[in-house]
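J.: Everything below, folded, please.
(one chain, ligands or ions: 2)
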Amino acid sequence: MGWARQHEKLQVDELPAVLLVFATCLIWFSSRRYFEARRQLRLRRTIEMKLADALAENQRLAQQYVDMQESERKALARDLHDELGQYLNVIKLDAVSIRDAARPDDALVKGAARAMIDTVDRVYAVVASLIRQLRPAGFDELGVAAALEHCLNDWRARLPGTAIEVSIDTDLGALDELRALTLFRLVQEAMNNVARHSNATRVDVRIVRRSDSKAREFIDASIADNGRGMDLDAPRLGLGLVGMRERAAACGGSLKLSSHVGAGLVVFASLPASNAATRP
Ligand SMILES: Nc1ncnc2c1ncn2[C@@H]1O[C@H](COP(=O)(O)OP(=O)(O)OP(=O)(O)O)[C@@H](O)[C@H]1O
Ligand SMILES: [Mg+2]
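T.: Numbering: from 1, shown residues only. Ligands and ions are numbered 1, 2, ... in the order given. So this is what the prediction gives:
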């Protein structure tokens with residue numbers, strides 16, 4: 001202050017006061033910025049927590065939806081088998097009795113009974129295939145790996161010009177029903193698409209277990225064909241790929257496609273092996 005007063009004529013004596021006001025403003029301004037930044041951070045954390053809760057709720061609802069869909073399918077498969085299947089059996093037995101009881105020279109009755117038997121056999125085959133689609137054959141009794149083998153064997157018979165290679169490098173027995181069914185449905189729809197759209201001569205189905213850096217376990221499944229491939233950016237109308245993505249997301253997993261026109265399609269799904277692995 002003394003030194004400043006000596007240079008009063010140059011108005012230097014006002015400098016300390018100006019500096020004081022300036023410093024006060026600076027402190028006030030930076031504390032405002034500091035508190036504002038802390039408020040923003042708190043707000044962001046709250047929004048992030050709400051978002052995580054909403055995502056978890058979303059996944060829970062999607063799981064519930066898939067569960068309900070599967071249990072309805074299971075009930076429908078059981079009713080088709082127990083009700084319709086029994087009636088068809090009875091009709092067939094009656095038709096066989098009519099055929100056997102008909103007089104040898106009654107060609108009309110014998111022919112009609114034989115036609116009934118053939119029709120019942122055809123309807124039975126349709127019902128059996130419906131039941132298999134609703135509830136994978138062998139899934140409840142032998143598990144998902146056997147059901148997958150069975151399903152792919154069916155495809156081998158239906159697509160004799162396509163070599164279908166399967167490799168399942170892990171025990172799928174410990175998967176819960178939701179994950180096991182999701183895995184099955186993903187392979188089922190991918191194979192449906194191969195048959196309908198790809199014109200492939202080879203399909204590789206590969207299922208492996210993988211651990212990430214946090215020791216969480218995942219089941220990775222890939223279905224790769226060498227067919228005509230597809231333009232991934234082109235608009236699509238079907239429900240299959242959308243359904244696959246939704247099913248994978250419902251158990252905390254993801255689905256990726258990789259393809260070039262003329263160079264086949266790879267469907268890659270990664271599913272957490274258990275609910276624990278879905279936590280961040
Ligand atoms: N393996 C494949 N090779 C070539 N194109 C494919 C393959 N899989 C899917 N696509 C293409 O992606 C489209 C969308 O497939 P998606 O399964 O969603 O529907 P979709 O099979 O046409 O009908 P749906 O609803 O009955 O499944 C198909 O129409 C087809 O053009
Ligand atoms: Mg499809």
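J.: For the residue nearest to residue 134 when sequence neighbours are not counted, give its distance to residue 127.
T.: Nearest residue to residue 134, sequence neighbours excluded (Cβ to Cβ, 6 or more residues apart in numbering): residue 77, at 3.9 Å. For the C-beta atoms, the positions are set from N, CA and C on the backbone; glycine is no exception. Distance of residue 77 to residue 127, given as Cβ to Cβ, to the nearest Å: 10 Å.
J.: which of those two has more neighbours?
T.: residue 77 (19 against 16; other Cβ atoms under 10 Å).
J.: Can you tell me the SS state at the more buried one?
T.: helix (DSSP: H, G, I helix; E, B strand; the rest coil).
J.: Show me the helices in the stretch 51-200 of the chain, by range?
T.: 85-101, 107-134, 139-142, 144-158, 177-193 (DSSP state H, counting those that start in this stretch).
J.: Worst mean pLDDT among these?
T.: When the helices of the stretch 51-200 of the chain are ranked by mean pLDDT, helix 139-142 comes last with a mean of 89.
J.: Going by neighbour count, list what's buried in it.
T.: residue 139 (16 or more other Cβ atoms under 10 Å).
J.: likewise stretch 264-279?
T.: Those would be 264-274, 277-278, for stretch 264-279 by 16+ other Cβ under 10 Å.
J.: Enumerate the beta-bridge partners assigned to the nearest residue to residue 248 once chain neighbours are set aside.
T.: Of all residues not flanking residue 248 in the chain, residue 255 sits nearest, at 4.3 Å (Cβ to Cβ, 6+ apart). Here residue 255 shows beta-bridge partners residue 269, assigned using DSSP bridges.
J.: The residue in the stretch 1-150 of the chain positioned nearest to ligand 1: neighbour count?
T.: Nearest residue of the stretch 1-150 of the chain to ligand 1 (Cβ to the nearest ligand atom) works out as residue 133 at 12.3 Å. For residue 133, the neighbour count with other Cβ under 10 Å is 14.
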